[in-house]
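J.: Provided below for reference: sequence and predicted model.
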Amino acid sequence: QVQLVESGGGLVQPGGSLRLSCAASGITFRTYAMSWYRQAPGRERELVAEISSSGTANYVESVKSRFTISRDNAVNMVYLQMNSLKPEDTAVYYCNARHTAWTTFDYWGQGTQVTVSS
């Protein structure tokens, strides 16, 4: 059974920081690309950051230089360090695991709420 469990969300003031964590189980973690998506009320889910199985990271333009994605294959974890948070970063953040072989294996966590407000 595949599980992705996010944690670390919460309420933070503008300019503050949060670190999201995603614990993966039931997959061969090191072979999966891992991503963080977010969805704000009334908006479509968007890709925030992704890290390949080899460790290459990419970010949506709006979070570059503020967010850092990382992974620890030894403990099956992926992280999203979020600095200089803005009100527009408020959303539910989802962890995603994806692996393409003869088909695409695509798994999602349940999400964690991040609210940036004074």
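T.: In hand now; what should we look at? Numbering: from 1, shown residues only.

J.: use CA for all of it now, contacts and neighbours both
T.: OK.

J.: List the contacts of the residue nearest to residue 51 when sequence neighbours are not counted.
T.: Nearest residue to residue 51, sequence neighbours excluded (CA to CA, 6 or more residues apart in numbering): residue 57, at 4.3 Å. Residue 57 makes contacts with 49-51, 69-70, as judged by CA atoms under 8 Å, 6 or more residues apart in numbering.

J.: Give me the pLDDT for residue 57.
T.: At residue 57, the model reports a pLDDT of 98.

J.: I'd assumed residue 18 was in contact with residue 7.
T.: No. Taking contacts as CA atoms under 8 Å, residue 7 lies outside contact range of residue 18: 10.4 Å.

J.: Show me what the residue most central in space within the chain bridges to in the sheet.
T.: In the chain, the residue lying closest to the centroid (CA atoms, centre = their mean) is residue 36, at 2.4 Å. Assessed by DSSP bridges, residue 36 has beta-bridge partners residue 49, residue 95.
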